[in-house]
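Student: From the sequence below, what's the structure:
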Amino acid sequence: MSRQSNNKKQLKLKIGAVVTVALIGLVIIFLLNKGDANEENITATTAEFSGNDLIILKSEVTDQAKFYPYELSGIKMEVIAFMASDKTIRTALNTCQVCYNSGRGYYVQEGDELICQNCGNRFKSDQVEIIKGGCNPVPIMAENKVDDGTNISISTDFLAQNTYLFENWKR
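Tutor: Just a heads-up that it's a prediction; the model follows:
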């Protein structure tokens with residue numbers, strides 16, 4: 001084999017290696033961004049506050065879960081709100097009643113289910129505020145919020161009573 005032919009072969013191999021590495025890099029970037037796309041599902045919505053109470057504007061609540069951030073005494077918390085299939089607005093703390101201490105016991109929505117990011121438990125959205133206990137989102141029951149027809153208000157007192165659920169939260 002001539003030297004020129006050998007050099008062309010080596011050049012082709014080098015170009016092939018560079019292209020392969022570039023493609024692997026693109027696949028890795030795509031997969032990492034795909035994970036970010038799932039994170040969009042859990043992106044927080046801007047909340048309003050009256051005093052320190054969390055105020056959710058009912059007209060912005062849909063069947064897609066919205067996540068409302070709240071911070072109290074340096075502890076970051078989150079409230080989930082969405083419209084159930086019966087057209088009622090359901091609310092919960094975005095932490096799992098069992099997995100909260102893991103720091104990853106928070107939920108993302110997939111279809112009509114909320115999925116715990118620690119244990120993978122799937123919880124039907126329509127069951128929020130219906131089922132209490134177990135590996136489910138912590139419900140915010142009617143006695144812990146005020147619905148004035150336009151807004152749902154969740155008191156600072158109620159949120160303060162539940163900060164312990166978010167002390168290890170890693171979201």
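
Student: Residue 71: how many residues sit nearby?
Tutor: Counted with other C-beta atoms under 10 Å, the neighbours of residue 71 add up to 12. (C-beta placed from N, C-alpha, C; glycine too.)

Student: Please apply the same query to residue 159.
Tutor: Using other C-beta under 10 Å, residue 159 is surrounded by 22 other residues.

Student: Packing partners of the helix or strand where it lies?
Tutor: Per DSSP states H and E, residue 159 falls inside helix 156-161. When contacts are defined as 3 or more C-beta pairs under 8 Å, 6 or more residues apart in numbering; DSSP states H and E, helix 156-161 packs onto strand 53-57, strand 66-72.

Student: the inter-axis angle of the shortest one versus strand 66-72?
Tutor: Spelled out, that is strand 53-57. Between the axes of strand 53-57 and strand 66-72, defined by axes from the mean of the first three to the mean of the last three C-alpha atoms, to 10 degrees, the angle is 170 degrees.

Student: List the pairing partners of strand 53-57 within its sheet, with orientation.
Tutor: Within its sheet, strand 53-57 is paired with strand 48-50 (antiparallel), strand 151-154 (antiparallel), according to DSSP bridges.

Student: Would you single out the least confident of those strands?
Tutor: Comparing mean pLDDT across the strands paired with strand 53-57, the lowest value falls on strand 48-50: a mean of 55.

Student: Pick the most deeply packed of the helices and strands packed on helix 156-161.
Tutor: strand 53-57 (a mean of 20; mean count of other C-beta atoms under 10 Å).

Student: Okay, domains of the chain per the record?
Tutor: Annotated domains of the chain cover 1-40, 48-166 [automatic domain parsing].

Student: Mind listing residues that contact stretch 105-112?
Tutor: Applying C-beta atoms under 8 Å, 6 or more residues apart in numbering, the contact partners of stretch 105-112 are 38, 41-42, 63-65, 78, 80, 82, 85, 94-96, 98-99, 114-119, 122-126, 137, 169, 171.

Student: Please save the CA atoms from that stretch in PDB.
Tutor: Taking C-alpha atoms only, stretch 105-112 is exported to PDB below (Å, rounded to 0.1, in the frame of the first residue of the first chain):
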ATOM      1  CA  GLY A 105     -40.600  12.900  47.800                       C
ATOM      2  CA  TYR A 106     -42.100  15.400  45.400                       C
ATOM      3  CA  TYR A 107     -44.400  14.900  42.500                       C
ATOM      4  CA  VAL A 108     -44.500  15.500  38.700                       C
ATOM      5  CA  GLN A 109     -47.600  15.100  36.600                       C
ATOM      6  CA  GLU A 110     -47.800  12.500  33.900                       C
ATOM      7  CA  GLY A 111     -51.300  12.400  32.200                       C
ATOM      8  CA  ASP A 112     -53.800  12.200  35.000                       C
END
